[in-house]
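[1] Give me coordinates for this.
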Amino acid sequence: MTLASSKISATVITGFLGAGKTTLIRKLLENANGRRIALIINEFGDVGIDGQVLKGCGQSVCGEDDIVELANGCICCTVADDFIPTMSQLLDRETPPDHIVIETSGLALPQPLVRAFNWPEIRRRVTVDGVVTVIDSAAVADGRFAHDEHAVQTQRQADEALDHESPLEELFEDQIACADMIVLNKADLLSGAALDKVETGLKHEARDGVAMLRASHGDVPTDILLGLAASAEDDMEQRKSHHEQNGEDDHDHDDFESFVVTPKSIAKRELFLDGLKDLITEHNILRLKGFLDVEGADARLVVQAVGPRIESYFDRPWGAGEARNTSLVVIGEKGLNQTAIRAALEG
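    The predicted structure is shown next:
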């Protein structure tokens, strides 16, 4: 088995509010063909995935634990805080999913999210099977990007975590530029000639060879949506955002590095954690995780930090004859002062 084939595949589904992403995902879950699918939802204001949808997924295909809602804002703006920890939790489960589907907010820039799959702790375990962009064909034919652009703007104003204010046309351009498949949804509302015109216009924005698929009510066969094998995280040079094409780069999560630190046993838990919080803030460490040997404790201490937020708990007793080691993985953008961080943790 090759490394690529051993990875879990993930599909990113993007598109403006009301384009039909949720409907498409419902159909996908109802026709999963035996796959166990985990779903990460980042959309707001749309019709959510409810209990009736779960019942329609089929036996052992998806359950409550397989559906995670990220409600803290645009996923591309909360990669370190929300998306990476969520992915880690899914992957660390006793029975990981066969496939992960991510429904982004209509405001999300897909490029930063796909880049997040290059984080060290994610890259070795998951690959982006494909980016599917769902568009409202009828709205685009009328010169709009969404059926209700006012609702999209309201969504933007309600998202306090949003750190980009790209005009709708730029967001639309980015969603098309990153796509491996473009679903022209609501095709039943247009004539064949009108659909041809929409498709021709999109081809000027899309990369060469991107599949265009006409659909009504989000009805796209699962075997067409899944299995694109695009490995999109390895192809970011061909998926440049509007800002990147114009020499700007204000929304980049690409350059990461990680290293392992092995401190000695710690004498006082709270004192160490307080110092750890200061260290994370000083060096802008994005993530830190691992376990510690606390003197006098019979169990090992697990530490998980996302930015300055730190969680710690004793997970299991040390085994008889087990070496009481301490190991921490530090993750951040390239340029971390490894020497200073090691000295602070190992000193």
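[2] for the record, mean pLDDT for the helix or strand containing residue 26?
    Assigned by DSSP states H and E, residue 26 falls within helix 21-30. Helix 21-30 shows a mean pLDDT of 85.
[3] Ok, stretch 118-137 next?
    Stretch 118-137 shows a mean pLDDT of 90.
[4] what's around residue 313, how many residues?
    9 (other CB atoms under 10 Å). Heads up, the C-betas are built off the backbone N, CA and C, glycines and all.
[5] Quick one: classify it as helix, strand or coil.
    Secondary structure for residue 313, judged by DSSP: H, G, I helix; E, B strand; the rest coil, is strand.
[6] how much space is there between the nearest residue to residue 238 once chain neighbours are set aside and residue 15?
    Using CB to CB, 6 or more residues apart in numbering and skipping residues adjacent in sequence, the residue nearest residue 238 is residue 207, 5.8 Å away. Using CB to CB, to the nearest Å, we find residue 207 at a distance of 17 Å from residue 15.
[7] When the two are compared, which one has more neighbours?
    Taking neighbours as other CB under 10 Å, residue 207 and residue 15 compare with residue 15 leading, 28 against 15.
[8] does the spatially closest residue to the more buried one that is not a sequence neighbour sit in a helix, a strand or a coil?
    Leaving aside its chain neighbours, residue 15 sits nearest to residue 134 (3.6 Å; criterion: CB to CB, 6+ apart). Three-state call for residue 134 (three-state DSSP): strand.
[9] Same question for residue 35.
    coil.
[10] Report pLDDT for the nearest residue to it once chain neighbours are set aside.
    Leaving aside its sequence neighbours, residue 35 sits nearest to residue 98 (CB to CB, 6+ apart; 4.6 Å). We have a pLDDT of 92 for residue 98.
[11] Residue 98 is in contact with residue 37, isn't it?
    Yes. With contacts counted by CB atoms under 8 Å, residue 98 reaches residue 37, the gap being 6.8 Å.
[12] Between those two, which has more neighbouring residues?
    Neighbour totals were compared for residue 98 and residue 37, and residue 37 leads with 21 against 15 (other CB under 10 Å).
[13] The residue nearest to residue 15: how many residues sit nearby?
    Neighbourhood size, residue 134 [other CB under 10 Å]: 31.
[14] Could you identify the longest helix within this protein?
    helix 269-283 (DSSP state H).
[15] In contact with the residue nearest to residue 317 when sequence neighbours are not counted, which residues?
    In space, and not counting its chain neighbours, residue 317 is closest to residue 299: 4.8 Å by CB to CB, 6+ apart. Contact analysis of residue 299 by CB atoms under 8 Å, 6 or more residues apart in numbering lists 314, 315, 316, 317, 318.
[16] tell me which element the residue nearest to the last one when sequence neighbours are not counted is part of?
    Ranked by CB to CB, 6+ apart and with sequence neighbours excluded, the top spatial neighbour of residue 318 is residue 324, at 5.6 Å. Assigned by DSSP H and E, residue 324 belongs to neither a helix nor a strand.
[17] Does residue 324 touch residue 265 like I think?
    Yes. Contact criterion CB under 8 Å: residue 324 and residue 265 qualify, at 6.8 Å.
[18] Quickly list what's touching both of the two.
    residue 293.
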